[in-house]
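Undergrad: 3D, please:
(one chain, ligands or ions: 1)
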Amino acid sequence: MSKPFHVLSPEQFNRSFLEELFVLADKIRLIDKSKEGNRFLADILSHKRSMLYFTQPSSRTFLSFQTACSILGIKASEVRDTSISSEKKGESVEDSLRTFSSYVDLIIMRSPLPGLCDRIASLLNETPRPIPVINAGSGPDEHPTQSLLDLYTLSRNFAKRGGIDGKKICMVGDLRRGRTVRSLSKLLTNYQNVEIIFCSPKEFKILDDIREFLRAHPQISFSETGHFVEAISQADAVYMTRIQDEYDQSFESKIIDISKYCLTYDHLNYLKDDAVILHPMPRREELDPRVDLDPRAEYWRQERNGMWTRAALICKIFGVHEQITAY
Ligand code: NCD
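TA: Down below sits the predicted model:
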């Protein structure tokens, strides 16, 4: 039996897949505008069921996946609290997920444990009824679908300016434990002459595995700096992130001064006129709500883009993308 189409890591995608996915997301967004189109979409996967296994907090990722399923007619069930499932009785997470897989056709999962998603996908591959698994965030490790929607947002914004190739992307914040930064950095290697500027306090610098990954892809370059204003003023896109203090061993984040890495209203003067401001959200003090009023603030649209990108991805997983394209 052929293996299902799992979504486990940004490394599995190539440029042609990304470009097709973004065209598909645009098409779904357009079709959904009319009642007739909305009905067409709601029938396309109405014979499928999904399960959202989210054992780490989530608002956007959970709801955008749930809504993406509903757009496509997929019935979604959920497990969010293991204290009321059989894991509480001592069942292993592997057995629990294998059990859930018996009832559905797709598992979308977020967990604090890096590597769990890959383990579950391999385990299901060996069962008589393997189903696809989507990684919706695996601890501080990866967040592949967030990087897809981040890239989709960049590609829409840069569509009239030669696309993502050749752009400078400045990523700010907790680059050490921010999985969105890790996944997006990897995905950007599908483009030519992109320059990533990593800007953070020294305690939150990117880890060696990302440095090595980027060095192995010479079509992309990167630099690391602590100078916030200098970094953001050169950028075509500024990608802000919050401190991931849920991964603190004690209270180490509390004693690091991040005030120099916060985008305030006054900083808007330093940004290029056509720069784009992104944030995977949720935000804290690193992104002043007054920035929301600036036309360069893209993060609210970025959230909505997540729903379209995830709907497009699910269509690819179940092989119904050609029906959408033909509509
Ligand atoms: C991000 C995450 O969970 O990694 N949020 C999201 O999925 N949109 C970013 C974060 O929590 O800081």
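
Undergrad: what's stretch 56-64 in contact with?
TA: 52, 54, 78, 80, 110-112, 136-137, 139, 143, 145-146, 281-282, 303, 306-307, 310 (C-beta atoms under 8 Å, 6 or more residues apart in numbering). All C-beta spots, glycine's among them, are computed from the backbone N, C-alpha and C.

Undergrad: same for the ligand: which of the residues you listed are within range?
TA: Here is what survives when those are matched to the ligand using C-beta under 6 Å from any ligand atom: Gly137, His143, Gln146, Met281, Pro282.

Undergrad: buried among these? Need that as a selection in PyMOL.
TA: Only the buried entries of these go into this PyMOL selection, using 16 or more other C-beta atoms under 10 Å:
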select buried, resi 137+143+146+281
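
Undergrad: narrow the ones next to the ligand among the contacts of stretch 56-64 to those in strands?
TA: Within these, membership in strands is found for Gly137, as judged by DSSP state E.

Undergrad: any quick ChimeraX command for the buried ones out of the contacts of stretch 56-64?
TA: Only the buried entries of these go into this ChimeraX selection, using 16+ other C-beta under 10 Å:
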select :52,54,110,111,136,137,139,143,145,146,281,303,306,307,310
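
Undergrad: what residues does this protein put near the ligand?
TA: Counting by C-beta under 6 Å from any ligand atom, the residues of the chain near the ligand are Arg60, Thr61, Gly137, His143, Gln146, Arg179, Thr180, Thr241, Arg242, Pro280, Met281, Pro282.

Undergrad: which residues does the fourth one contact?
TA: What that stands for is His143. With C-beta under 8 Å, 6+ apart, His143 has these contacts: Thr61, Asn135, Ala136, Gly137, Arg179, Thr180, Arg182, Ser183, Pro280.

Undergrad: with adjacent residues omitted, what lies nearest to it?
TA: The shortest distance from His143 to any residue that is not its chain neighbour, by C-beta to C-beta, 6 or more residues apart in numbering, is 4.3 Å, and that residue is Arg179.

Undergrad: run a quick neighbour tally on that neighbour.
TA: Neighbour count of Arg179, defined by other C-beta atoms under 10 Å: 23.

Undergrad: which residues does it contact?
TA: If a contact means C-beta under 8 Å, 6+ apart, then Arg179 has Gly137, Ser138, Gly139, Pro140, Asp141, Glu142, His143, Gln146 as its contacts.

Undergrad: next, format these as a markdown table and append pLDDT.
TA: Supplementary listing: those in a markdown table, determined by pLDDT from 0 to 100:
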| residue | pLDDT |
| --- | --- |
| Gly137 | 98 |
| Ser138 | 96 |
| Gly139 | 94 |
| Pro140 | 95 |
| Asp141 | 95 |
| Glu142 | 96 |
| His143 | 98 |
| Gln146 | 98 |
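
Undergrad: alright, calling it a day.
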